[in-house]
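K.L.:
Provided below for reference: sequence and predicted model.
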Amino acid sequence: MSVLNKIAYSLNRRDEVPNEQLAAELAKTKNIKGIRKIAENLDNANQNIRADCLKVLYELGYTNPRLASPYAAQFLSLLKAKNNRLVWGAMISLSTVDARAPVTIVAADQCAGIAEIPGMSL
């Protein structure tokens with residue numbers, strides 16, 4: 001079963017339990033291909049899929065920050081989303097990345113235009 005078939009939206013669920021269970025499974029198995037597939041869908045046209053995938057990634061980050069850290073630049077880009085659920089999810093995701101990721105975040109900042117946010121400086 002594809003990892004996308006396990007997110008809450010695909011299961012017609014309105015709770016977060018399937019996303020949390022998927023994150024735990026991905027962390028336990030260190031399924032890099034599955035994690036990559038979830039990250040690829042942060043740009044999905046369907047906002048519900050995007051939000052569920054983001055939830056999976058930040059839950060993954062709570063358990064194993066190293067597995068979520070490669071996607072820090074994508075989390076940064078979501079800070080400019082019009083959907084507040086994605087913005088909040090991106091902030092939570094950034095808080096879970098591995099301690100070695102700040103170099104990535106600072107470098108990605110130049111591309112993401114984060115410096116444009118009033119009152120925020122790096």
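P.N.:
Looks like it came in fine.

K.L.:
now the longest helix along the chain: how far from the chain's centre is it?
P.N.:
In the chain, with assignment by DSSP state H, the single longest helix is helix 47-63. The chain centre lies 5 Å from the centre of helix 47-63; the measure is CA atoms, centre = their mean, to the nearest Å.

K.L.:
and it, what other elements does it pack with?
P.N.:
helix 17-29, helix 32-40, helix 65-68, helix 84-96 (3 or more CB pairs under 8 Å, 6 or more residues apart in numbering; DSSP states H and E). In short, each C-beta sits where N, CA and C put it, glycine included.

K.L.:
let's have these in a markdown table, adding mean neighbour count.
P.N.:
Formatted as a markdown table, the helices and strands packed on helix 47-63 follow (neighbours: other CB atoms under 10 Å):
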| stretch | mean neighbour count |
| --- | --- |
| helix 17-29 | 18 |
| helix 32-40 | 17 |
| helix 65-68 | 20 |
| helix 84-96 | 18 |
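
K.L.:
closest to residue 58 out of the ones you listed?
P.N.:
Judged by CB to CB, the one of the helices and strands packed on helix 47-63 that comes nearest to residue 58 is helix 84-96, at 4.2 Å.

K.L.:
export the helices and strands packed on helix 47-63 to a markdown table and append columns for mean pLDDT and distance to residue 76.
P.N.:
Below are the helices and strands packed on helix 47-63 laid out as a markdown table (pLDDT from 0 to 100; distance: least, CB to CB, whole Å):
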| stretch | mean pLDDT | distance to residue 76 |
| --- | --- | --- |
| helix 17-29 | 97 | 20 |
| helix 32-40 | 97 | 13 |
| helix 65-68 | 94 | 13 |
| helix 84-96 | 94 | 7 |
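
K.L.:
out of these, which is closest to residue 51?
P.N.:
Closest to residue 51 of the helices and strands packed on helix 47-63 is helix 84-96 (CB to CB; 5.1 Å).

K.L.:
sweet, I'm off.
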